[in-house]
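Participant: Pasting the sequence and the predicted coordinates here, then a few questions.
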Amino acid sequence: MIRKNGIFALIMAFIVSIAGLLSTGCFATPGVALPRVSDYYKERVVVERKELRVGLTSGSYGEMFNEIIAPLLNEKGYTFELVYYDNVILPNFDLAEGKIDLNIFQNIKYLNTHKFANDNDLAIQAITEIPTAPMAVYSREHNSFSSLRRGATVSIPSDATNKARALKLLESARLIKIDPFIDKSKATENDLIENRLELEFITADMNKLPITLNYCDISVIAGSYAISDNLNLSDALIVEDRYDDDYKNVIVVRNEDIGEQFSLDIIDAVYSIEFFNQITADDSKYKEYAYPRHFYKMTNQ
């Protein structure tokens, strides 16, 4: 006969063993790593959520969502409330706090920098890349860099990630040189070792950069904002490398929602042949965008 203290010891041993399993992640729910699709989650039981709040900023990604992605999801019974932001800071905080269900406005580099910046530790994650308009340099006054004079003004994004991105583009145009011994993804104006034209840098929010063309010699503008302001990539003085995966835009959800059915359906929509055909059509306004990596696999099939 087992004594009471023996039973107590057995119970305690069981609790300790379960705690050990939890701490090692044996019962953790698997996440969606880019660029996987929902086939990996067919066995998972989820609670369906059909009414979604989507965080957007001004620009062509909201148009892409409304024109192509949303209709594909409407067929599965989803409806959307669109929440527009006039800056690139709040959409991630509101997503992490549950005020919206997903957002579409940022590149993967910005996401991974911002969610941990200043001890933010935001529990949000990308679930898929989307076609991305490349950053480019525009001007209303100059047809080439050769006409720039000493002391010319250059407007660039004010946020750290896209400022570094803009400086890298200006370096590829041979207007400046960034210190080769630093992490160029974190470069600022203070990291230049050469600025032969003594360019004067002016910073502005991403959505305000097209306006700066009215008073700056050149402006470095992210593609979505440029296109929304009726600027053409073909008129740009230089366009960034379309194959740079660090700056592909992404759809983002909370960590806890990675395996939810709405996330899986969004992934399936972006990976669908219908989405691919609409983006790559000859008359598509998105045809010149940088494509997500899975598009190239579809092209080769």
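Facilitator: That came in fine, so what should we check first? Numbers count the residues shown, from 1 in each chain.

Participant: For the stretch 101-250 of the chain, which segments are assigned as strands?
Facilitator: Residue ranges of the strands in the stretch 101-250 of the chain, as given by DSSP state E, counting those that start in this stretch, are 102-107, 124-129, 136-138, 153-157, 177-178, 192-194, 200-204, 218-221, 238-239, 249-254.

Participant: Could you spell out the sheet neighbours of the fifth one, each with its direction?
Facilitator: When pairing is defined by DSSP bridges, strand 177-178 lines up against strand 192-194 (antiparallel).

Participant: Buried ones in whichever strand or helix holds residue 84, by neighbour count?
Facilitator: Per DSSP states H and E: residue 84 is located in strand 79-85. Neighbour-count burial for strand 79-85 flags 80, 83, 85 (criterion: 16 or more other CB atoms under 10 Å). Backbone N, C-alpha and C define where each C-beta goes, glycine included.

Participant: so what's residue 211 up against?
Facilitator: Residues near residue 211 by CB atoms under 8 Å, 6 or more residues apart in numbering: residue 204.

Participant: sorry, back to before: and the next helix or strand after the strand holding residue 84, what does it pack onto?
Facilitator: Downstream of strand 79-85, the first helix or strand assigned by DSSP H and E is helix 90-96. Counting by 3 or more CB pairs under 8 Å, 6 or more residues apart in numbering; DSSP states H and E, the packing neighbours recorded for helix 90-96 are strand 51-57, strand 79-85, strand 102-107, strand 124-129, strand 249-254.

Participant: how much distance is there from helix 90-96 to the middle of the chain?
Facilitator: Here helix 90-96 is found 13 Å from its chain centre; the criterion is CA atoms, centre = their mean, to the nearest Å.

Participant: Residue ranges in the stretch 201-301 of the chain under the pLDDT threshold?
Facilitator: Applying pLDDT under 70 to the stretch 201-301 of the chain picks out residues 299-301.

Participant: Correction: the previous question concerned the stretch 51-200 of the chain.
Facilitator: Counting by pLDDT under 70, the stretch 51-200 of the chain has low-confidence residues at 117.

Participant: Break the protein into its domains for me.
Facilitator: Per automatic domain parsing, the structural domains of the chain span 44-132+246-299, 136-240.

Participant: residue contacts, the closest residue to residue 228 other than its chain neighbours?
Facilitator: Nearest residue to residue 228 in three dimensions, chain neighbours excluded: residue 59, at 4.9 Å (CB to CB, 6 or more residues apart in numbering). Shown in contact with residue 59 (CB under 8 Å, 6+ apart): 105, 207, 222, 224, 225, 227, 228.

Participant: Now do the helices in the stretch 151-300 of the chain.
Facilitator: For the stretch 151-300 of the chain, the helices defined by DSSP state H, counting those that start in this stretch occupy 160-172, 209-212, 223-228, 261-270, 273-280, 293-299.

Participant: Let me have these in TSV, adding distance to residue 253 as columns.
Facilitator: Below are the helices of the stretch 151-300 of the chain laid out as TSV (distance: least, CB to CB, whole Å):
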stretch	distance to residue 253
helix 160-172	20
helix 209-212	28
helix 223-228	20
helix 261-270	5
helix 273-280	18
helix 293-299	18
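
Participant: which stretch among the ones you listed comes nearest residue 245?
Facilitator: Distance to residue 245, taken as CB to CB, is lowest for helix 293-299 among the helices of the stretch 151-300 of the chain, at 6.7 Å.

Participant: what residues does the closest one touch?
Facilitator: Applying CB under 8 Å, 6+ apart, the contact partners of helix 293-299 are 35, 129, 131, 245, 248, 271, 273, 276, 279, 280.

Participant: Just flag the most distant two among these.
Facilitator: Greatest spatial distance among those (CB to CB): 245 and 273, at 22.3 Å.

Participant: So between those two, which is more surrounded?
Facilitator: When residue 245 and residue 273 are compared for neighbours, residue 245 comes out ahead with 15 against 9, by other CB atoms under 10 Å.

Participant: Good, wrapping up.
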